[in-house]
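Asks: need a structure here:
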Amino acid sequence: MLFNNAKAGSRLFTCTGLTALAMSCVLSAGLTGFAHAQPQPAVAPAAATEIAQPALFDAIASRAKLLARREYKPIQANIPEALANMNYDQYRSIRFRPESSLWHNESLFELQLFHPGFLYREPVTLHMATDGPDAFVQFKQEYFNYDGPAAPLAGVAPGNIGFAGFRIHYPLNSNEYKDEFVVFQGASYFRLVGPGLAYGLSARGLAIDTAEPKGEEFPVFREFWLVKPGPTDTRMVMYALLDSPSITGAYRFEIIPGAPTEMAVEARIFARKDILKVGVAPLTSMYMWGENHTRFVDDFRPEVHDSDGLLMAASNGEWIWRPISNHRQLRVSSMMDENPRGFGLLQRDRDFDHYMDMESRYEKRPSMWIIPEGNWGKGRAELVEIPSDSETNDNVVAYWVPAKSMKAGSNATFKYRLRTFDDHLPENTGAKVIRTRIGWGANPGQANPPPLSKRKFVIDFRGGELDNLSADAPLVAEMQKNSGTISELVVRQLPDGRTWRASFKLEPEGNKVADMRVFLKLRDQRLSEVWSYVWYPDAI
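Replies: Numbers count the residues shown, from 1 in each chain. Sure, this is the predicted structure:
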């Protein structure tokens, strides 16, 4: 059950557009299902603002609510066989012409489109949210260059095929060039980056039954409504309709590029069926191996990952860091809370020498932070770690699971901000875990060494008030665990004068999982975040 951004593409999903008279579409969807009307040729949109469309989001939400009362009916995409069966080289040889960008030379933002085909066989419909008649963005061959191996595909796509997704450009790093910084493509996946960063992990609109025995369901964004930014606007708004066999939803995205780049999200979701597990604000990433890996890897690179840990800001003030692992078996762990202050997947290690990869540049991959708004109630931040032998697959997922499950006919609203950054989160002011290393708990040359199940853990902390302590400071490590025997728990300063190391040995209790927590204290003052780790006996 490995994931990638093309796991499930979006489907062609057409209906009368949701404009100022949007309720006509809502009623049509509620009575007769989706109209199979062909998209109309795009018209030159008026300067659309959210003020000109005060009921648009409400109308999309009403439509999603009505859809949830009806049986899910996938709409077959109108995609020719030649496009559906093209290979990767052909797909990447189809290039969008920058001069055809939406809002070209009319705004700081420009939007480029992805050609349908290859893994993206179920295109989405794009609307221009204007204050006049609805305007579809019509597919046109002249938007694209069909180079090299893609040359035979020119002229194959019909005019009503739609698009596989889109990317948004903005002068993020300089005024002379508009960088690609947001991508929506495949199911409900999207990516965003800030200045100086490269694409890595993905966000998603919603996760349904991730890591459950019956298999995961992948909701899709079927339609988008694009609100044209003004010539000097530094943020843009768009809406989306989400659909799947179990759930529907209306989404509002407010995109704010900068340092950091942020996205304000509001999701109104409606359950078609009883749902075992809803994952809110899901993040999907990749982890192959790193400093805490316990098995030999035949590769010149010391580490390979897009993210190396899950960070959570709990409601009680704790910051909890859980390093990611690539296990032999599927592993699901969680941290309970009520109204969390934030959570996210981080790429904390930013040192090129720890990756040595000139192509992938993993040290530039972004971290993403979710900041809940309003009352999210009781629930848990869940981390899913999926065994993988390829860095091309996403095998890590994190999301919030509300304690209150969704039943058929129920609805919920979640608001949050998504922030992309490097490794520095200003709110997290205490000492942070910078390394986790694990090895056999034997002493060098020991005559009667312990079994391999006895493990030594080494955790290095740096930053915060630790920078002001002398090597003689009476710093101690507070240890909490659910099973196993801990010995030789010590704390010492490393020779760099900045880093403090907590180390200990664990003897597991048979085949029981050991869930451990460690943080540093100076007398009664807590100085570090909590290192949280789950040790599985089959990890070696």
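
Asks: Please work out how many residues are found near Thr420.
Replies: 26 (other Cβ atoms under 10 Å). Every C-beta, even on glycine, is put in place using the N, C-alpha and C of the backbone.

Asks: so which strand or helix has it?
Replies: strand 411-421 (DSSP states H and E).

Asks: In contact with Pro282, which residues are there?
Replies: 203-204, 206-207, 210, 397-399 (Cβ atoms under 8 Å, 6 or more residues apart in numbering).

Asks: What segments of the stretch 301-450 of the chain are strands?
Replies: 304-305, 309-313, 319-323, 331-338, 342-346, 367-373, 378-385, 396-402, 411-421, 432-440 (DSSP state E, counting those that start in this stretch).

Asks: follow-up on the earlier one: alpha carbons only: can I get the strand holding Thr420 in CSV?
Replies: Provided in CSV are the C-alpha atoms of strand 411-421 (Å, rounded to 0.1, in the frame of the first residue of the first chain):
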residue,chain,number,x,y,z
ASN,A,411,-20.9,16.5,8.5
ALA,A,412,-17.9,18.3,10.0
THR,A,413,-15.9,21.5,9.3
PHE,A,414,-12.1,21.8,9.8
LYS,A,415,-10.1,24.9,9.5
TYR,A,416,-6.3,25.0,9.6
ARG,A,417,-3.2,26.7,8.2
LEU,A,418,-0.5,24.8,6.4
ARG,A,419,3.0,26.3,6.6
THR,A,420,6.0,25.1,4.6
PHE,A,421,9.4,25.9,6.1
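
Asks: shaky segments in the stretch 101-250 of the chain?
Replies: Residue ranges of the stretch 101-250 of the chain with pLDDT under 70: 131-134.

Asks: Strands along that one, start to end?
Replies: With DSSP E, counting those that start in this stretch, the ranges of strands along the stretch 101-250 of the chain come out as 110-114, 125-128, 135-136, 144-146, 165-174, 177-185, 189-192, 202-204, 206-208, 220-226, 236-243, 247-256.

Asks: Let's have those in JSON lines, adding distance to Gly409.
Replies: Below are the strands of the stretch 101-250 of the chain laid out as JSON lines (distance: least, Cβ to Cβ, whole Å):
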{"stretch": "strand 110-114", "distance to Gly409": "35"}
{"stretch": "strand 125-128", "distance to Gly409": "27"}
{"stretch": "strand 135-136", "distance to Gly409": "32"}
{"stretch": "strand 144-146", "distance to Gly409": "43"}
{"stretch": "strand 165-174", "distance to Gly409": "31"}
{"stretch": "strand 177-185", "distance to Gly409": "29"}
{"stretch": "strand 189-192", "distance to Gly409": "28"}
{"stretch": "strand 202-204", "distance to Gly409": "24"}
{"stretch": "strand 206-208", "distance to Gly409": "16"}
{"stretch": "strand 220-226", "distance to Gly409": "21"}
{"stretch": "strand 236-243", "distance to Gly409": "16"}
{"stretch": "strand 247-256", "distance to Gly409": "11"}
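
Asks: Just send the contacts of Pro282 back as JSON lines, with distance to Thr284 and neighbour count too.
Replies: Putting the contacts of Pro282 into JSON lines (distance: Cβ to Cβ, whole Å; neighbours: other Cβ atoms under 10 Å) gives the following:
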{"residue": "Ala203", "distance to Thr284": "8", "neighbour count": "22"}
{"residue": "Arg204", "distance to Thr284": "6", "neighbour count": "23"}
{"residue": "Leu206", "distance to Thr284": "12", "neighbour count": "25"}
{"residue": "Ala207", "distance to Thr284": "8", "neighbour count": "28"}
{"residue": "Thr210", "distance to Thr284": "9", "neighbour count": "25"}
{"residue": "Val397", "distance to Thr284": "5", "neighbour count": "26"}
{"residue": "Ala398", "distance to Thr284": "8", "neighbour count": "30"}
{"residue": "Tyr399", "distance to Thr284": "9", "neighbour count": "25"}
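
Asks: What is the nearest of those residues to Glu223?
Replies: Minimum separation from Glu223 among the contacts of Pro282 (Cβ to Cβ) is found for Leu206, which lies at 15.6 Å.

Asks: thinking the closest one is in contact with Arg268, fair?
Replies: No - applying Cβ atoms under 8 Å as the test, Leu206 and Arg268 come out as separate, 11.3 Å apart.

Asks: what sits in contact with each of those two?
Replies: Joint contacts of Leu206 and Arg268 (Cβ under 8 Å, 6+ apart) are Gly249.

Asks: Find the residue closest to Phe300 in space, skipping its chain neighbours.
Replies: Met356 (6.7 Å; Cβ to Cβ, 6 or more residues apart in numbering).

Asks: Now for that neighbour: which residues touch it?
Replies: Contacts of Met356 by Cβ under 8 Å, 6+ apart are 300-302.

Asks: where exactly do the helices run in the stretch 351-500 of the chain?
Replies: Under the criterion DSSP state H, counting those that start in this stretch, the stretch 351-500 of the chain carries no helices.

Asks: doesn't Gly484 make contact with Phe504?
Replies: No - look at Phe504 against Gly484 with Cβ under 8 Å: they stay out of range, at 10.5 Å.

Asks: Give the helix, strand or coil label for Ala82.
Replies: helix (DSSP: H, G, I helix; E, B strand; the rest coil).

Asks: okay, now Pro158: neighbour count?
Replies: 14.

Asks: Could you do Glu382 as well?
Replies: 22.

Asks: what's near enough to touch the residue nearest to it when sequence neighbours are not counted?
Replies: Leaving aside its chain neighbours, Glu382 sits nearest to Ser334 (4.4 Å; criterion: Cβ to Cβ, 6+ apart). With contacts taken as Cβ under 8 Å, 6+ apart, Ser334 has the following neighbours: 380-383, 401.

Asks: quick check, nearest of the contacts of Pro282 to Tyr239?
Replies: Checking the contacts of Pro282 against Tyr239 by Cβ to Cβ gives Leu206 as the nearest, at 15.2 Å.

Asks: returning to that earlier point: out of the strands of the stretch 101-250 of the chain, nearest to Arg435?
Replies: Closest approach to Arg435 among the strands of the stretch 101-250 of the chain (Cβ to Cβ): strand 202-204, 26.1 Å.

Asks: tell me what that closest one is packed against?
Replies: Applying 3 or more Cβ pairs under 8 Å, 6 or more residues apart in numbering; DSSP states H and E, one finds that strand 202-204 makes contact with strand 189-192, strand 278-285.

Asks: Can I get the buried part of the contacts of Met356 as one PyMOL selection?
Replies: The buried subset of the contacts of Met356, as determined by 16 or more other Cβ atoms under 10 Å, is captured in PyMOL by this line:
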select buried, resi 302
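
Asks: Would you mind putting the contacts of Pro282 into JSON lines with distance to Ser246 alongside?
Replies: Output for those, formatted as JSON lines (distance: Cβ to Cβ, whole Å):
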{"residue": "Ala203", "distance to Ser246": "20"}
{"residue": "Arg204", "distance to Ser246": "15"}
{"residue": "Leu206", "distance to Ser246": "10"}
{"residue": "Ala207", "distance to Ser246": "11"}
{"residue": "Thr210", "distance to Ser246": "13"}
{"residue": "Val397", "distance to Ser246": "17"}
{"residue": "Ala398", "distance to Ser246": "21"}
{"residue": "Tyr399", "distance to Ser246": "15"}
